[in-house]
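A.B. asks: Dropping a prediction and its sequence here:
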Amino acid sequence: MTTTTLERGTRSTILAAGQRLMSHKGFSAVGLTEVLNEAGVPKGSFYHYFASKDAFGEAMLNAYFEEYLAEIDAILARPGLTGAEKLMLYFALWRENQGAFDCQGRCLAVKLGAEVSDLSEAMRLALKSGTHNIIARLRTMIDSGIADGSVDVTAPAGDVAANLYYQWLGASVMVKIVRTHDPFETALAFTRNVLGIGKR
């Protein structure tokens, strides 16, 4: 194993540890020592990989969205599914992930969005880019559903994709507040209605 490969592995380990901790506690509540202890990495090595905590946060968000978008791409690539089925699978996985841990979820966009957007321009831009790419993939699924007849929308696909993402993001926040899945049931009914699923 080369030094570069080892360094990449250590960097990824630190990012994964930060993601685990911050998805539960938030960004400000987690110190670098806690992240390094979780990662099993010597305390003095953090600044070898990251210039600052903000730079670490930006890298963590970029790594999170890279993995998240790969999961969506795997749904897009599934053979034999209509556009509507891909959309419903995506939102079923959203419900499962965000309903975990006593409805506290795993999504960094939900957990950190409001907090770090006020703290760091670099992290805000990472969130903006990541969420933009999610919405773009939702639009692709909607376009696919329109083409195969499984989706029936009246508004432009890009607008529908954005509105659905905003709806589910808001539902995820409400699930954290009320500690039940009821907001997801409302979001799911809204989604099916907007997409025209089950009307025929």
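C.D. replies: Okay, I see it. Numbering: from 1, shown residues only.
A.B. asks: so how far is L108 from K176?
C.D. replies: According to Cβ to Cβ, to the nearest Å, K176 and L108 sit 13 Å apart. C-beta coordinates here come from the backbone N, C-alpha and C atoms, glycine included.
A.B. asks: Name the next helix or strand following the strand or helix carrying N163 along the chain.
C.D. replies: Taking DSSP states H and E as the definition, N163 sits inside helix 157-178. Later in the chain than helix 157-178, the nearest helix or strand by DSSP H and E is helix 182-195.
A.B. asks: For that next one, which outside residues touch it?
C.D. replies: Contacts to helix 182-195, defined as Cβ atoms under 8 Å, 6 or more residues apart in numbering, come from residues 84, 87, 91, 95, 98-99, 142, 145, 151-153, 160, 163-164, 167-168, 170-172, 174-175, 197-198.
A.B. asks: returning to what we had before: comparing K176 and L108, which residue is more hemmed in?
C.D. replies: L108 (24 against 17; other Cβ atoms under 10 Å).
A.B. asks: got a list of what that one touches?
C.D. replies: By Cβ under 8 Å, 6+ apart, the neighbours of L108 are Q19, M22, S23, M60, L61, Y64.
A.B. asks: residue ranges with poor pLDDT in this protein?
C.D. replies: For the chain, the stretches with pLDDT under 70 are 1-6, 99-106, 199-200.
A.B. asks: Nearest residue to the most centrally placed residue in it in space, ignoring adjacent ones along the chain?
C.D. replies: For the chain, C107 is the residue whose C-alpha lies nearest the centre (Cα atoms, centre = their mean; 4.9 Å). With Cβ to Cβ, 6 or more residues apart in numbering as the criterion, C107 has its nearest non-adjacent residue at 5.8 Å, and that residue is Q98.
A.B. asks: Tell me how many other residues surround A29.
C.D. replies: 11.
A.B. asks: Show me the contact partners of stretch 154-173.
C.D. replies: Counting by Cβ under 8 Å, 6+ apart, 91, 94, 98, 105, 107, 109-110, 113, 131, 134-136, 138-139, 141-143, 146, 153, 183-184, 186-187, 190-191, 194-195 sit against stretch 154-173.
A.B. asks: Out of these, which sit inside helices?
C.D. replies: 91, 94, 98, 109-110, 113, 131, 134-136, 138-139, 141-143, 146, 183-184, 186-187, 190-191, 194-195 (DSSP state H).
A.B. asks: of these, buried ones?
C.D. replies: Burial by neighbour count, 16 or more other Cβ atoms under 10 Å: within those this picks out 91, 94, 98, 109-110, 113, 131, 134-135, 138-139, 141-143, 146, 183-184, 187, 191, 194-195.
A.B. asks: And stretch 129-140, how far out from the chain middle?
C.D. replies: When distances are taken as Cα atoms, centre = their mean, to the nearest Å, stretch 129-140 is centred 11 Å away from the chain's centroid.
A.B. asks: Please consider this matter closed, and thank you.
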